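1. Got a predicted model here, sequence first, then my questions.
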Amino acid sequence: MQKWQNWIFKMLNIRAHHLLCIPRYYSKGYNKTFADNMKKICLFIRKNPNIKIKVLSGKPDDLCAKCPYRKGNICIQTPEMQKWVVCHDKKVLNHLKLKKNSVHKARDAFNLSMNKLESIKKFCKTCIFGENCVKIGINNSFRSDLNKWKIYSN
């Protein structure tokens, strides 16, 4: 059994700015290892919208685990990128009025991010993937899967 399949027994760690990325994931522009991990996490969240997530700021999460630019707790792609991810985490936390290390159901956190930041054009203008996310927009099947059992679950 792969590690990601065990997440049903624990909570996911998700960086604040990844609350914007996951609903817009389109499987382009990443290396294969990172893309496979992100796909698994996205699918897991879609199938388990009540999973608890801890919203991180300034440190790597479960998506970063397979990033080729991660070294310890730092992004080594460029010094600017390390500063950007830390700053962007803080901006997202502030905009969504979430607290660092707060715990939420995935459904609640992602609905908040999709509703408050439907248009990310200005918000993510400096992200290397931002242009693609703006073109793609929110994955409507992600939104649908996240909310399909909302009536029946707590």
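-> Sure, I can see it.
2. check contacts around residue 65.
-> Counting by C-beta atoms under 8 Å, 6 or more residues apart in numbering, residue 65 touches residue 37. C-beta coordinates here come from the backbone N, C-alpha and C atoms, glycine included.
3. Tell me the pLDDT of it.
-> At residue 65, the pLDDT value in this model is 89.
4. And the one 5 residues further on, by the same measure?
-> The predicted local confidence for residue 70 comes out at a pLDDT of 87.
5. ok, it to residue 103 distance?
-> 23 Å (C-beta to C-beta, to the nearest Å).
6. and if you look at residue 51?
-> Relative to residue 103, and taking C-beta to C-beta, residue 51 is found at 11 Å.
7. cool, and residue 33?
-> Distance, residue 33 to residue 103, by C-beta to C-beta: 28 Å.
8. And residue 21, by the same measure?
-> To residue 103, residue 21 is 19 Å away according to C-beta to C-beta.
9. Could you pull up the contacting residues of residue 85?
-> Residue 85 sits in contact with 15, 17, 75, where contact means C-beta under 8 Å, 6+ apart.
10. Now the buried members of these.
-> Among the contacts of residue 85, those classed as buried by 16 or more other C-beta atoms under 10 Å are 15, 17, 75.
11. can you list the contacts of residue 85 in CSV and add secondary structure, distance to residue 114 and pLDDT?
-> Formatted as CSV, the contacts of residue 85 follow (DSSP: H, G, I helix; E, B strand; the rest coil; distance: C-beta to C-beta, whole Å; pLDDT from 0 to 100):
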residue, secondary structure, distance to residue 114, pLDDT
15, strand, 16, 95
17, coil, 14, 92
75, strand, 25, 83
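12. Would you convert those residues into TSV that also reports distance to residue 58?
-> Output for the contacts of residue 85, formatted as TSV (distance: C-beta to C-beta, whole Å):
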residue	distance to residue 58
15	8
17	10
75	11
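13. List the residues that contact residue 57.
-> Applying C-beta under 8 Å, 6+ apart, we find residue 57 in contact with 15-16, 86, 89-90, 93, 100-101.
14. Need the max-distance pair from these.
-> Of all pairs drawn from the contacts of residue 57, the greatest distance, 14.7 Å, lies between 86 and 101 (C-beta to C-beta).
15. Please say which of these two ends up with more neighbours.
-> The neighbour comparison of residue 86 against residue 101 (other C-beta atoms under 10 Å) goes to residue 86, with 17 against 11.
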